[in-house]
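> Can you look at this prediction? I've put the sequence above it.
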Amino acid sequence: MVSSRLLLSSSLALLVQAISSSAFATAPLSSSRVERRQARPLFAAEENNPFGFVQGLFSGGTAVAEPKTPAIPDVVVDSDYTLAAVFASIGLGSFILGHDIFTSVIGGLFVLLATLFAVQASRIRFVFDGEAFELKNTSGKDDQLSDSGENFVVGGANRWKYDSFVNYEFFPKGSPIPILVYFKETQTIKEDGSNDGQIHFFPAIANCKQLKEQFELRGCAKVIE
């Protein structure tokens, strides 16, 4: 009887130990279920990350400034007394070589024109700035530039924007000593209210080579024949 009870007690103890071991045992992970995940920064820049822009705000990249196109400097064209000298030579030659009143009168007119051209060349400057071509007066020993006032022929300021040019030329064409500078612009409004083009002429009292270079550089339109 006693041995039967001991046997029963031993069997119950073994059963309890087996249940306890199976209940708290750790099952090994199958190699097929193991996933390796790579660590990522909290604010990684991804499309689905609403905070991705934060990374760009604090990034250590170097800002590169775009190069600026250098502006064309303002230019004051040099005065030219060649035309005055040529007319003075013709006038004086007429006085010296002429033997009648008509020749003397013609010579006098040339001398007067030469004087006028010389005075204009000394006081008028042709200026190219960032927006327009302008005629200015000089005053004082330092050749300070001042407004030349209204145009005495068509009115308005002696200032014309480059994009209003439709043509320019030097006469006589191809001459080494131009006499007249011509240009046509659409900025000036005519008396009838139209602006189909106003023609301007002025004597070649400035360096015509510089004038031509500036007209081309500033993009002034020209009729090609």
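Received the coordinates, thanks.

> Okay, strands next: where are they in this protein?
75-76, 124-128, 132-139, 144-147, 159-161, 165-171, 180-185, 198-203 (DSSP state E).

> check contacts around the closest residue to residue 185 other than its chain neighbours.
Closest residue in space to residue 185, ignoring its immediate chain neighbours: residue 164 at 4.3 Å, by CB to CB, 6 or more residues apart in numbering. Heads up, the C-betas are built off the backbone N, CA and C, glycines and all. Listed by CB atoms under 8 Å, 6 or more residues apart in numbering, the contact partners of residue 164 are 185-187.

> What sits closest to residue 180 if chain neighbours are left out?
residue 171 (4.5 Å).

> do you know which of the strands of the chain lies nearest residue 90?
Closest approach to residue 90 among these (CB to CB): strand 198-203, 14.6 Å.

> strands paired with the closest one, and their directions?
Here strand 198-203 is paired, per DSSP bridges, with strand 180-185 (antiparallel).

> Could you tell me which residues within the partner strand count as buried?
181, 183-185 (16 or more other CB atoms under 10 Å).

> Quick one, grab the pLDDT at residue 86.
Model confidence at residue 86, given as pLDDT, is 97.

> Same question for residue 73.
94.

> which residues does residue 145 contact?
Taking CB under 8 Å, 6+ apart as the test, what residue 145 contacts is 76, 125, 127, 136-138.

> Beta-bridge partners for it, please?
residue 138.

> Residue 159 versus that one, what's the distance?
To residue 159, residue 145 is 12 Å away according to CB to CB, to the nearest Å.

> list the residues that contact both of those two?
Shared contacts of residue 145 and residue 159, counting by CB under 8 Å, 6+ apart, come down to nothing at all.

> what about the chain, any weak spots by pLDDT?
Within the chain, the segments meeting pLDDT under 70 span 1-69, 140.
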